[in-house]
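>>> Just to be clear, the model below is a prediction. Sequence and coordinates:
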2 protein chains.
Amino acid sequence: MRVLKHAILGLLDRGEMSGYDIMTEFKDKEIRHFWSAKHSQIYPELKKLTDEGLIEFKIEIQGEKLEKKVYSITDAGKKELNKWLSTLEQEFITLKDEFMLKAYFISSIPKDEAREQFFNELEKHKNRLSFLEEEFEKLKVVIGDEITYESKEFGNYLVLTNALKRENRYCEWLEDSLQFMK
Amino acid sequence: MRVLKHAILGLLDRGEMSGYDIMTEFKDKEIRHFWSAKHSQIYPELKKLTDEGLIEFKIEIQGEKLEKKVYSITDAGKKELNKWLSTLEQEFITLKDEFMLKAYFISSIPKDEAREQFFNELEKHKNRLSFLEEEFEKLKVVIGDEITYESKEFGNYLVLTNALKRENRYCEWLEDSLQFMK
DNA sequence: AAACCCATGTAACGCGTTACATGATTAT
DNA sequence: ATAATCATGTAACGCGTTACATGGGTTT
């Protein structure tokens, strides 16, 4: 699969970045709603991609002597990214969700504890939902009324609209399910 | 985390099973929409749980000499399962979705190829959706008009209703997004 | 007889997290 | 000065997939 490999190639295709920058993408930017990676995974992966010739780096100095490796994608890297983006996945991959596993077994604990589980989950998803709504409002300011395939913000738009729908229906489902635990 | 550990404990809490039975649960039953594991992961995990005293097994013979290990949960195992089911998770875990990562970078490929990607994904989710609808109809026959927390089928009901909502909104989002790729 | 399902295991490898480890720069 | 942020790495361990490996039982 090598998903992180392609995530990094995709990010670098937009412009050069350091390992630290990539780390913050997964921590702060839209894509964090669907993928993440820690710096301890990113740095070895960058080394590997460099060895494979898919990316390259130059060293920049911050301030007096702090070294920063600024990575950029190579032609081979662009080719690999395009290959991944164009490959049609035929298999249906299970989208794993640990809370749903708990839900499947929930009858093993008393009803009031189950309600507590669901209520806690609902709070989390409600928080995420209002955060997403704020993010979406900000995006609307940037893109105006129209969004097109060619827009620089198209990826953000896709990810945010999907995340919004996801959290909306998750909240709905949690609320519906809580009705059975009264 | 040890998610598989608790998945196995949850399954065995409903009744004794072999490793093969557990494998088929993840392949054929409702929970496959949110979790899965291969036999190569299940058998070592069963060994580990046995060593930890959370489950135990007896050997049954199928036919002439085919040995089957039938596992059951111990009191220690039930305690551990209850602990896991009652623990409130405070962190918001990123629900990973590789297709959404592709969507984030989709502008890197030509519009017609992007449309193909989204169309392929839509077909997969539509198929899954009609399959879920069939599964839900079957469940409705079993449970009748009412479902309660105490019902044996409550876990199935929760998982199926969530999966239905998930696939519905995924299809909606894919169709909406395709509008921008004309 | 062949195909398919039941049944169990191991080995190699890759993915991912937590913890260990260090040091510079910037903002308060 | 001290806290937060910028910046990069490694080590140990656990999770998960693919492939290797074997053999019995059932159905066509």
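Thanks, I have the structure now.
>>> Buried residues, the longest helix seen in chain A. List them.
As assigned by DSSP state H, the longest helix anywhere in chain A is helix A:111-143. Of the residues in helix A:111-143, A:113-115, A:117-118, A:121-122, A:124-125, A:128-129, A:132, A:135-136, A:139 count as buried by neighbour count, 16 or more other C-beta atoms under 10 Å in any protein chain shown. Any C-beta I mention is one placed from the backbone N, CA and C, and that applies to glycine too.
>>> With stretch A:91-104 instead?
So stretch A:91-104, judged by 16+ other C-beta under 10 Å, has buried residues A:95-104.
>>> Report the two of the residues you listed separated the most.
A:95 and A:102 (15.8 Å; C-beta to C-beta).
>>> List the residue ranges of chain A that fall below the pLDDT cut-off.
Low-confidence segments of chain A (pLDDT under 70): none present.
>>> can you pull out the strands in it?
A:55-62, A:66-73 (DSSP state E).
>>> Pick the most deeply packed of those strands.
strand A:66-73 (a mean of 15; mean count of other C-beta atoms under 10 Å in any protein chain shown).
>>> In chain A, mark out all the helices, start to finish.
Going by DSSP H, chain A shows helices at A:3-13, A:19-28, A:39-51, A:75-86, A:98-104, A:111-143, A:154-178.
>>> Alpha carbons of the first one, as PDB, please.
Just to be clear, that refers to helix A:3-13. Extracted in PDB, the C-alpha atoms of helix A:3-13 (Å, rounded to 0.1, in the frame of the first residue of the first chain):
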ATOM      1  CA  VAL A   3      -0.100   5.200   1.900                       C
ATOM      2  CA  LEU A   4       2.200   7.600   3.800                       C
ATOM      3  CA  LYS A   5       4.600   7.500   0.800                       C
ATOM      4  CA  HIS A   6       1.900   8.800  -1.500                       C
ATOM      5  CA  ALA A   7       0.600  11.300   1.100                       C
ATOM      6  CA  ILE A   8       4.000  12.800   1.300                       C
ATOM      7  CA  LEU A   9       4.400  12.900  -2.500                       C
ATOM      8  CA  GLY A  10       1.000  14.500  -2.800                       C
ATOM      9  CA  LEU A  11       2.000  17.200  -0.300                       C
ATOM     10  CA  LEU A  12       5.300  17.900  -1.900                       C
ATOM     11  CA  ASP A  13       3.700  18.100  -5.300                       C
END
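>>> re earlier: does anything pack onto the longest helix of chain A? Which helices or strands?
Judged by 3 or more C-beta pairs under 8 Å, 6 or more residues apart in numbering or on different chains; DSSP states H and E, helix A:111-143 is in contact with helix A:98-104, helix A:154-178, helix B:75-86.
>>> can you rerun that using 7 Å?
helix A:154-178 (3 or more C-beta pairs under 7 Å, 6 or more residues apart in numbering or on different chains; DSSP states H and E).
>>> Can you lay out the strands of chain A as JSON lines showing distance to DNA strand C?
Formatted as JSON lines, the strands of chain A follow (distance: least, C-beta to the nearest atom of the strand, whole Å):
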{"stretch": "strand A:55-62", "distance to DNA strand C": "5"}
{"stretch": "strand A:66-73", "distance to DNA strand C": "4"}
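>>> Looking at those, which is nearest to residue A:152?
strand A:66-73 (17.0 Å).
>>> so how many other residues sit close to residue A:180?
The local packing of residue A:180 (other C-beta atoms under 10 Å in any protein chain shown) involves 19 other residues.
>>> I figured it hits residue B:149, correct?
Yes. Look at residue A:180 against residue B:149 with C-beta atoms under 7 Å: they come within range, at 5.5 Å.
>>> before we move on, the earlier item: for DNA strand D, tell me which of the buried residues of stretch A:91-104 show up nearby.
Checking those against DNA strand D by C-beta under 7 Å from any atom of the strand, the ones in range are residue A:96.
>>> Mind putting the buried residues of stretch A:91-104 into TSV with distance to residue A:60?
Output for these, formatted as TSV (distance: C-beta to C-beta, whole Å):
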residue	distance to residue A:60
A:95	39
A:96	39
A:97	41
A:98	40
A:99	43
A:100	45
A:101	45
A:102	47
A:103	49
A:104	50
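>>> any idea how far residue A:59 is from chain B?
Counting by C-beta to the nearest C-beta, to the nearest Å, the separation of residue A:59 from chain B is 27 Å.
>>> Pairing partners for that residue in the sheet, please.
residue A:69 (DSSP bridges).
>>> contacting residues for it?
A:67-69 (C-beta atoms under 7 Å, 6 or more residues apart in numbering or on different chains).
>>> Compute the number of surrounding residues for the closest residue in space to residue A:166 that isn't next to it in sequence.
Distances taken as C-beta to C-beta, 6 or more residues apart in numbering or on different chains place residue B:169 nearest to residue A:166, at 6.9 Å, with adjacent residues excluded. The tally of other residues near residue B:169 (other C-beta under 10 Å) stands at 19.
>>> Span of stretch A:70-89 from start to end?
32 Å (C-alpha to C-alpha, to the nearest Å).
>>> picking up where we left off before, run the chain-centre distance for the longest helix of chain A.
Here the centre of helix A:111-143 is set off from its chain's centre by 16 Å, with C-alpha atoms, centre = their mean, to the nearest Å.
>>> Please apply the same query to stretch A:154-167.
Counting by C-alpha atoms, centre = their mean, stretch A:154-167 comes out at 10 Å from the chain centroid.
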